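Engineer: Pasting the sequence and the predicted coordinates here, then a few questions.
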Amino acid sequence: MSGHFGLAYEAYTHFTSPIRRYPDLLVHRVIKAILGSKRYLLSKGMVESMPPARSMAKPSKQAKPAKTVTLTAEGEVWEVAGAHCSANERRADEASRDVEAWLKCRYMREHLGEEYSGRVNAATSFGLFVQLDGLYVEGLVHITELGGEYYRFDEVKQELRGERTGVRYAVGSRVRVQVSRVDLDGRKIDFRMVHDGEEDAAMVRAKRERTTERNGDRNASAVAELASVKETDRAVKAAGKRKGYSASGARLNPVRAAKTAARKGPAKAAKRR
């Protein structure tokens, strides 16, 4: 393999024991041959005697420029084999993940509508990814399925927070969900959030506060409007009296108006005394 950044080696390899992959088998063959003072040739699939070791020159104090390594025919065979094994390993991993996702979807399709406990694995701007306890099945709770609330995504804290209720969903939060939809072809599972008593109480409180606020604004507006009507009515009545009209708007009799004025005159004079 090419150079290793952490170890500062120009070339290195790694393997597992016991053998799990074909590259591990090749490395085991090479090590076994070296322990027997021989060399394993991949191009021929056989072991041959090791060529005599070359004398190592003393290292120079001056740093020498890195030499360009020219691969031999055997080295090119190993290079091709490494690329082939890596490509096949990635393809096998993708196939394994795809089959696993399909089997999970097939299983959950038979449990539509059932409720499960789980934990939030990831929070995004469009919802939460929840993994069910015991089943290790992961699905999406879309943000529209979180309830009648507007949630804002905090990228730093990796959480969704309700603006009115303050309900928060972060990585590691315990939740209860219901299986709402399974897409077998797309390998996707959708959940719907099942709210517990605490969250329901928070939402009820927020709704009650909004209702109280709207009712308070409505009552204040009605009181102000009533006061304005009363003030207008008093002004109209005062203007009518000055022009000789009764409070009901009827024209006053001149004789009766004179008598009324005569009766009020002495009363006003007595009040002044």
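Structural biologist: That came through, no problem.

Engineer: Quick one: low-confidence residue ranges for the stretch 151-273 of the chain.
Structural biologist: For the stretch 151-273 of the chain, the stretches flagged by pLDDT under 70 are 196-220, 236-273.

Engineer: neighbouring contacts of stretch 13-33?
Structural biologist: 1, 39-40, 42, 47, 81-82, 85, 89 (Cβ atoms under 8 Å, 6 or more residues apart in numbering). (C-beta placed from N, C-alpha, C; glycine too.)

Engineer: Most neighbours among those residues, which one?
Structural biologist: Tyr40 (20 neighbours; other Cβ atoms under 10 Å).

Engineer: Run through the residues that contact that residue.
Structural biologist: 29-30, 32-33, 46-47.

Engineer: For Arg168, give its distance to Thr72.
Structural biologist: Using Cβ to Cβ, to the nearest Å, one gets 62 Å for the distance from Arg168 to Thr72.

Engineer: Who has more neighbours out of the two?
Structural biologist: Neighbour totals were compared for Arg168 and Thr72, and Arg168 leads with 14 against 10 (other Cβ under 10 Å).

Engineer: Please enumerate the helices of this structure.
Structural biologist: Ranges of helices within the chain are 22-35, 73-109, 197-242, 254-272, based on DSSP state H.

Engineer: ok and the first one relative to helix 73-109, angle-wise?
Structural biologist: With axes from the mean of the first three to the mean of the last three Cα atoms, to 10 degrees as the basis, helix 22-35 and helix 73-109 are set at 140 degrees to each other.

Engineer: Return the set of buried residues in helix 22-35.
Structural biologist: Residues 23-24, 26-28, 30, 33 are the ones in helix 22-35 that count as buried (16 or more other Cβ atoms under 10 Å).

Engineer: Now that we're looking at the residue nearest to Glu74 when sequence neighbours are not counted, what pLDDT does it have?
Structural biologist: Nearest residue to Glu74, sequence neighbours excluded (Cβ to Cβ, 6 or more residues apart in numbering): Ser43, at 5.6 Å. Note for Ser43: predicted pLDDT of 82.

Engineer: returning to that earlier point: looking at the contacts of Tyr40, which is nearest Gln178?
Structural biologist: Nearest to Gln178 among the contacts of Tyr40 is Arg29, at 54.3 Å by Cβ to Cβ.

Engineer: Dump the contacts of stretch 13-33 into TSV; add distance to Asp185 as well.
Structural biologist: TSV is the format used below for the contacts of stretch 13-33 (distance: Cβ to Cβ, whole Å):
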residue	distance to Asp185
Met1	38
Arg39	51
Tyr40	46
Leu42	42
Val47	50
Ala81	36
Gly82	35
Cys85	31
Glu89	26
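
Engineer: From these, which one has the minimum pLDDT?
Structural biologist: Within these, the minimum per-residue pLDDT falls on Met1 (54).

Engineer: which residues touch the nearest residue to Asp183 once chain neighbours are set aside?
Structural biologist: Nearest residue to Asp183 in three dimensions, chain neighbours excluded: Cys105, at 7.1 Å (Cβ to Cβ, 6+ apart). Counting by Cβ under 8 Å, 6+ apart, Cys105 touches 182-184, 187-189.

Engineer: which of the residues you listed has the most neighbours?
Structural biologist: Using other Cβ under 10 Å as the neighbour test, the contacts of Cys105 are led by Ile189, with 23 neighbours.

Engineer: Could you verify my assumption that that one touches Val182?
Structural biologist: Yes: with contact defined as Cβ atoms under 8 Å, Ile189 counts as touching Val182 (5.4 Å).

Engineer: Can you pull the residues that touch both of the two?
Structural biologist: Here Ile189 and Val182 have 105, 108 as joint contacts, going by Cβ under 8 Å, 6+ apart.

Engineer: still on that earlier bit, tell me, how many neighbours does the residue nearest to Glu74 end up with?
Structural biologist: Look at Ser43: counted by other Cβ under 10 Å, it has 13 neighbours.

Engineer: so how far is Asp24 from it?
Structural biologist: Counting by Cβ to Cβ, the gap from Ser43 to Asp24 is 20 Å.

Engineer: And Ala123, by the same measure?
Structural biologist: With Cβ to Cβ as the criterion, Ala123 and Asp24 are 39 Å apart.
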